[in-house]
Structures are given as C-alpha cells and as structure tokens.
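Asker: Would you be able to build a 3D model of this:
(chains A and B)
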There are 2 protein chains.
Amino acid sequence: PDAQSVAAVRARDAQLTKPPGALGRLEDIIEWLAAWQGVAEPAVARPLVAVYAANHGVVAQGVSAFPASVTAQMVENFRTGGAAINQICKAHDIGLKVYELALERPTKDFTQAPAMDEREAAATFAYGFEAIEGGIDLLAPGEMGIGNTTSAAAIYAALYGGPAARWTGRGTGVDDVGLARKNAAIDAALALHGPYLSDPLEILRRLGGREIAAMMGAITAARLNHVPVVLDGYVVCAAAALLHALTPDAVAHCVGGHVSAEGAHGDVLARLGKKPLLDLGMRLGEGSGAALAISLIRTALACHRDMATFESAGVSGKAR
Amino acid sequence: PDAQSVAAVRARDAQLTKPPGALGRLEDIIEWLAAWQGVAEPAVARPLVAVYAANHGVVAQGVSAFPASVTAQMVENFRTGGAAINQICKAHDIGLKVYELALERPTKDFTQAPAMDEREAAATFAYGFEAIEGGIDLLAPGEMGIGNTTSAAAIYAALYGGPAARWTGRGTGVDDVGLARKNAAIDAALALHGPYLSDPLEILRRLGGREIAAMMGAITAARLNHVPVVLDGYVVCAAAALLHALTPDAVAHCVGGHVSAEGAHGDVLARLGKKPLLDLGMRLGEGSGAALAISLIRTALACHRDMATFESAGVSGKAR
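Answerer: Model prediction:
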C-alpha cells in the first residue's frame, strides 16, 4: 500500500465541503483505492467483472437444486446478455468477461478422489492471471458453477474446522434432503482427504474447483499489478480464504463487496478481516454483489474528485 | 399498496434466470415499488432528491460545530454543483431540487419559545407538497440546516422519551463541550414545552424546523400521489417519525435508504419498522444516503425488467 497517496487523498478530503468523516466508508474506500493503485488520484475508469464458470464432479452426489447442465446454459445467458450480472454491469458501465473452464469435463467427484491433479490446478491458477490483461483498474472476480457452494463449504471446513453443517447453506435453493446430502458429501471428503488438508494448495486441488483456482490466480495477478479487488460472495471468498491461508498479505488489496445470505459468509469475511460494503441478502454469485459495490466505489470517487472545497465554494469551516 | 401489481412482479421474478430469492432485497424493492406506484411494471424514470434548507434559532445555544451562515453557503454550493449530493445525483442521473426556506429568518430558539407559530408550521408543511410537481416517480427528501440534528434529537426525545443524550450525536462534528450544550438545550426545551408534547404537530411546531415541516408535507404528498419515498438519515427521519406518530400508515410507502452514523438513527428506523438498504457510516444529510439507495433501486429494476427468463434463455429449472 502506498502511504503517500493515502496522505494526498486525506489532504484533499479535508478540504471538501462536508464535515470531516461525514461520507463514512465512501471516504475510506478512496484511501483504499489510492493505497493499492499507488496513485494520489485513484480512478475507476476500467473496472472488470471476470466471471469464471466451471463444473463439479460432486454434483453426482445430489448436492444442488439445479442440474449441472445449467452452468453451460448460464454461460450462454451471460453471452447473450440475459443474466443479472449483465444488467448490473450495463447499468453501471462495468466491463464483463466470462471465462469458461472446460465445462464439458467436470472436476472429479471429491468424495472419491482429488478434484484436480497438480498440473491442472496450477495451470488453472495461472490462467486466472489473464483477468488483468487489457489494463483494468479495479477487478471483481465472479463465478458460476452448479455445485460450487459445496466446494466452497468444503474449503471452509478444511481451513477453519468442520463439520460441514457449520459452513453450508442452501446454495441455489436445495431442499432439506439435498442439504443433508451436501453435508454428507463434504464430511466424506474431509474424511477421505484429511491427512492432506493442512496445505491450502492441497485443499484447493482436492476440494476446490477450476473457478476457485482461476480466481486465486486473478486475485494474485491483481495484487502484483496495483489493481485493487472487490470480493463478491460465498464462493469467491473461498479463493480469497485459500490465499489468505497461504499468507494474509495476499488479500490485503481486497475489499469486501457484500455479505451473502449463503452459509457462513459473514464469518468467512470476519476471518479475512473484511467488512462488507453491502448487506442485501443476495446469494446469486456471478460477481453480482461486487458489481453493485463497484458502482458505490465509483460514486465515492465522483464525490472525492468533483466536490468543491471550502475555499472554492466560499463555505465557512468549523466555528471552533 | 396494490396487491395485484405485487403479484404480477412476483410472477415475473419467478421466471427470471436466477434461483428464487437470490437477489435478496433487490427483489423485495421491486415489490415495494409496484405496491406503491400501483403498477405491474414499476419505473424509476424521474426520481427526485428534494433538499430543504432552513436555519434554526437554537444555534444561538452553541449546539453546532459550524456557524449558521453555512446553511446559505451550502445552498449556493448546491446551486453551483459543488456538494456531495450534486456528484451523487449527477453520477446516477437523479433529479435534484433545492428549496430554500427563509434562511434569513431562522426559527425561534426553542429553548425560549416555540420554534414556529401555527400558521408558519402549517404553511411550510403545505409548501412541501410542491416536491411531487412535475410528475416524479420516486422521492427522496433531503435537508441542509446548521443546527437541525439538535431539532431532530429534540423531536425523538419528545416522541420516544428523553433524556436528550439518548438521541443526540455529534452532527457535523461538535466537540464534547458542544455536545453537552446540545443536550442541555434539548433537555431545557423538553422542560419548557413538556405539557404540549403529546401531540406530534405541537412537537413539530415547538421543536422542529422548517425543513422538517416541509419534508412532512413532501412525504405526505408522495403518499397521496403513488410516489414511493426513500428515507435518508437522521433529520429526514424526524419528519417521518412525526408522521408515523400521527398514524403509522402515513409512512407505509417509505423505505429506509440508509442508516446514519448519527445518534440513534438505527433505533429510530427500527421504531418506524424500516430496515435500511445501506449502512455505510454516512452522516452528511443532503439526501446523500437516499440518493445512493435510489441508484440501487434502479439497478434492481434493471435486473427485474431486462433479465432473461428460464424459457427465453433455454436454462433448465430446478432439478427437483
């Protein structure tokens, strides 16, 4: 983080025609942007929502309310502009890219075997680096993948301790019987892979999915390229949590975009030290909560950049 | 509220390419819009932030960190586009009108006398009706007035029980000594006007300000004209709380835009039965929190209106 840019932002903020601190987190967010973009005049001119789509072998265990075919159908829906994330990005002029991760070849069912082999996990992580190409200035990784809240919950249980039920939620809306299957699948996976789960990269490979590996890469690439990151919900934070477990500094450039209604997302954010900007009961994925947060961040920037100063507007300062 | 329009909105929502309920409050808000606009296809094409500016005699008691002259200076700042609310409205294409309420003639110091006489309170309430002229479809009343958090806190203490310290905050940033003066002024006013404070309209006249009277009128006019209202922060909610005390139904068309960092605003919202959309630690007034909420509401509407349906996008529904 660039302390000098933060100081410059604070100095300008103090001159703006409002009481100090009156814009609350809208002020903090500008300091955060300046710190991680490393410039005194931060900008959000080219924000990107990068949606990673993947399929999960564990869907065979009946953990989702929707069939696996929906992942590819939703990718097509993203392409033709019909999903929620399309409307949010369009409304706020936010870039949107969709990365399809070998949908026709799901990861292995992690109740039976590691989801990915070493080479695949590493290659997918590396693929995530492409997110920052094209010169973006703010990144929100998003995801789509039937079964991926099961993978995320398994990752949380492995990182922070089980049982599964402590971390799971209903995902796309699984019923009680489906939720029981979801918990059972995760608990079985924890038992199967138990000896290997002290290493976050083994957790990724064994319990993760391709979208989670790619998002870890995207977040890391952003860190290395002065691109701040807005975290979306429950599944995106599994990628952040794995990076955080490797070293907390790896997600220091991330802000919590929103807290999801899914599972124990609020608990995960607290463990990552991220206070979410929005709490709207959303649990959609696609980067939707983070995209709303990007709009908020841009508005904060408009205030910081374009408000008059006490001097320019002829407004008196504090009386005492 | 129009139950038929709500049913129509729900029926469309159920067809959209997302799990039911996955957009959380973004779904609720469309039902709310439909209910109060009374149409199956609600719209936010002409939203308005109406900022009411007024001066307060109680400023003589040293209750504010800023001199009373700042009210007029900030009105000029609104006119020339330099305030926070200008940037927010500009960023999100929201209409902004500023109503100046006889700034050169502050209300009386309510530690000594009623702030307004009957005629003035009534006339200012009626003036608030102008907010809905010009065919708006969503209203956010806002305010500017040095000293007006003192007036709002006095109203809350009168409505919900004292002492003053239970309701006050630092407003624009008053120091400890100033906060003590603020509390003392309110407690003195409660003692002076005590016998008359069982009537919300007497509370308005005796402890209120012109902006609070006008906002009561604006909220009422909206209610009568199928215009839903987004509540801003601490001072705006004093107008809503007075209406609510007259009859809870008078603010049934209002949604909580945000919860302020000022005083006991969260407690006030709870008493009004309003769960705020945003919680960003803001305490600026000007309608700023409500304007951010309007942007959110518009995004919700974009999703509802423009998302593909399961059928149109060829996406499979729930597996079971």
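
Asker: Assign the residue in the stretch 101-250 of chain A positioned nearest to chain B to helix, strand or coil.
Answerer: Taking CB to the nearest CB, chain B has its nearest neighbour within the stretch 101-250 of chain A at A:Thr172, 4.0 Å off. (Glycine included, C-beta is placed from N, CA and C.) Using DSSP: H, G, I helix; E, B strand; the rest coil, the secondary structure recorded for A:Thr172 is coil.

Asker: Might one say that A:Met74 is in contact with B:Val315?
Answerer: Yes: with contact defined as CB atoms under 8 Å, A:Met74 reaches B:Val315; the gap is 6.3 Å.

Asker: In terms of neighbours, single out the busier of these two.
Answerer: Higher neighbour count among A:Met74 and B:Val315: A:Met74, with 28 against 22, using other CB atoms under 10 Å in any protein chain shown.

Asker: and the residue of the stretch 101-250 of chain A closest to chain B, how many residues sit next to it?
Answerer: Around A:Thr172 there are 24 residues (other CB under 10 Å).

Asker: Phi, psi for it please.
Answerer: With angles defined as degrees, to the nearest 10, A:Thr172 sits at phi -70, psi 0.

Asker: So it is in contact with A:Ser64, correct?
Answerer: Yes: contact criterion CB under 8 Å: A:Thr172 and A:Ser64 qualify, at 6.2 Å.

Asker: Overlap of the contact sets of the two?
Answerer: By CB atoms under 8 Å, 6 or more residues apart in numbering or on different chains, A:Thr172 and A:Ser64 have these common neighbours: A:Ile146.

Asker: if I pick the residue nearest to the residue of the stretch 101-250 of chain A closest to chain B when sequence neighbours are not counted, what's in contact with it?
Answerer: The shortest distance from A:Thr172 to any non-neighbouring residue, by CB to CB, 6 or more residues apart in numbering or on different chains, is to B:Pro19 (4.0 Å). When contacts are counted by CB under 8 Å, 6+ apart, B:Pro19 is found next to A:Ala65, A:Phe66, A:Gly171, A:Thr172, A:Gly173, A:Arg283, A:Leu284.

Asker: and the first one, which of the three is it?
Answerer: Meaning A:Ala65. coil.

Asker: Settle this for me: it is touching A:Asp176, isn't it.
Answerer: No: between A:Ala65 and A:Asp176 there is no contact under CB under 8 Å: 11.6 Å.

Asker: Between the two, tell me which one has more neighbours.
Answerer: Neighbour count, other CB under 10 Å: between A:Ala65 and A:Asp176, A:Ala65 has more, with 21 against 8.

Asker: what about the residue of the stretch 51-200 of chain A found nearest chain B, distance to A:Gln73?
Answerer: Closest residue of the stretch 51-200 of chain A to chain B, CB to the nearest CB: A:Gly82 (2.7 Å). According to CB to CB, to the nearest Å, A:Gly82 stands 10 Å off from A:Gln73.

Asker: A:Gly134 too?
Answerer: Counting by CB to CB - A:Gly134 and A:Gln73 are separated by 27 Å.

Asker: Please apply the same query to A:Arg170.
Answerer: Relative to A:Gln73, and taking CB to CB, A:Arg170 is found at 21 Å.

Asker: Only the C-alpha atoms, please, for stretch A:34-45, written as CSV.
Answerer: Extracted in CSV, the C-alpha atoms of stretch A:34-45 (Å, rounded to 0.1, in the frame of the first residue of the first chain):
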residue,chain,number,x,y,z
ALA,A,34,-5.2,5.2,-3.6
ALA,A,35,-3.2,2.8,-1.4
TRP,A,36,-3.4,-0.1,-3.8
GLN,A,37,-3.5,1.7,-7.1
GLY,A,38,-0.5,3.6,-5.8
VAL,A,39,-1.6,7.0,-7.1
ALA,A,40,-2.8,10.2,-5.4
GLU,A,41,-5.7,10.5,-7.8
PRO,A,42,-7.2,7.0,-8.0
ALA,A,43,-9.6,6.2,-10.8
VAL,A,44,-12.1,3.5,-11.7
ALA,A,45,-12.2,4.0,-15.5
